[in-house]
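*Asks:* What follows is a predicted structure for the sequence shown.
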Amino acid sequence: MANKVQINPSGERAILITRSFNAPRKLVFDAMTKPEMMKHWFHGPPGWTLTTCEMELRVGSSYRWAWTNEKGHEMGMGGTVLEVDSPSLLKTTEKFDDAWYEGEATNTLLLTEKDGVTLMSLTVEYESTKARDGVLAGPMASGMDASYDRLDTFLAQHH
């Protein structure tokens, strides 16, 4: 697909993830935040399936996502909703069950739309530069590309 995820360091402790989607912002926001829609595309890297998807768009509420691979291993994460301004902003904390980085992260999802194309800017801020650099050294892009390619297909079917 033409739209690929771009991942770049931002400041001392953050990464900025950007990608565009050929769909209206409201649809993209809903697809990224409503469990009944996320279950269609948010499966992570090839071989993994989203098996738990609990999210309520209310400040102070918690969310939980978990994926299971073909061998039965689970990768789970969750956090707290800090701020919601649908369909443009979602700010959450993030903590993986078996985290490969120290502490938790704060995610700020910002969606902007121009001429029917939605630009996602996701800033993930870690507790240290070391944690951020460790994440950047991993295979994040391939898993995100796989998920976002599935999201493209889902959006095209619902646009």
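*Replies:* Received the coordinates, thanks.
*Asks:* Double-check that Ala23 belongs to a strand.
*Replies:* No: Ala23 sits outside any strand when classified using DSSP: H, G, I helix; E, B strand; the rest coil, being coil.
*Asks:* burial count for it?
*Replies:* 20 (other C-beta atoms under 10 Å). (Glycine included, C-beta is placed from N, CA and C.)
*Asks:* Correct me if wrong: it contacts Thr118.
*Replies:* Yes: using C-beta atoms under 8 Å, Ala23 is in contact with Thr118, at 6.0 Å.
*Asks:* other SSEs contacting the lengthiest helix in the chain?
*Replies:* The helix that spans the most residues within the chain, counting by DSSP state H, is helix 140-158. Counting contacts by 3 or more C-beta pairs under 8 Å, 6 or more residues apart in numbering; DSSP states H and E, helix 140-158 is packed against strand 6-10, strand 14-21, helix 25-33.
*Asks:* can you do 10 Å?
*Replies:* strand 6-10, strand 14-21, helix 25-33, helix 35-38, strand 48-54, strand 117-125 (3 or more C-beta pairs under 10 Å, 6 or more residues apart in numbering; DSSP states H and E).
*Asks:* what stretches of this protein score poorly on pLDDT?
*Replies:* 1-2 (pLDDT under 70).
*Asks:* Return the set of buried residues in the longest helix of the chain.
*Replies:* Buried positions in helix 140-158, judged by neighbour count with 16 or more other C-beta atoms under 10 Å: 140, 143-148, 151-152, 154-155.
*Asks:* Which of the three states applies to Lys95?
*Replies:* Criterion first, three-state DSSP; result for Lys95: strand.
*Asks:* these two touch, right, it and Tyr126?
*Replies:* No: Lys95 lies out of contact with Tyr126 (C-beta atoms under 10 Å); the separation is 11.3 Å.
*Asks:* And these two? Which one has more around it.
*Replies:* Higher neighbour count among Lys95 and Tyr126: Tyr126, with 23 against 14, using other C-beta under 10 Å.
*Asks:* show me the contacts for the more buried one.
*Replies:* Counting by C-beta atoms under 10 Å, 6 or more residues apart in numbering, Tyr126 touches 12-15, 94, 101-106, 132-136.
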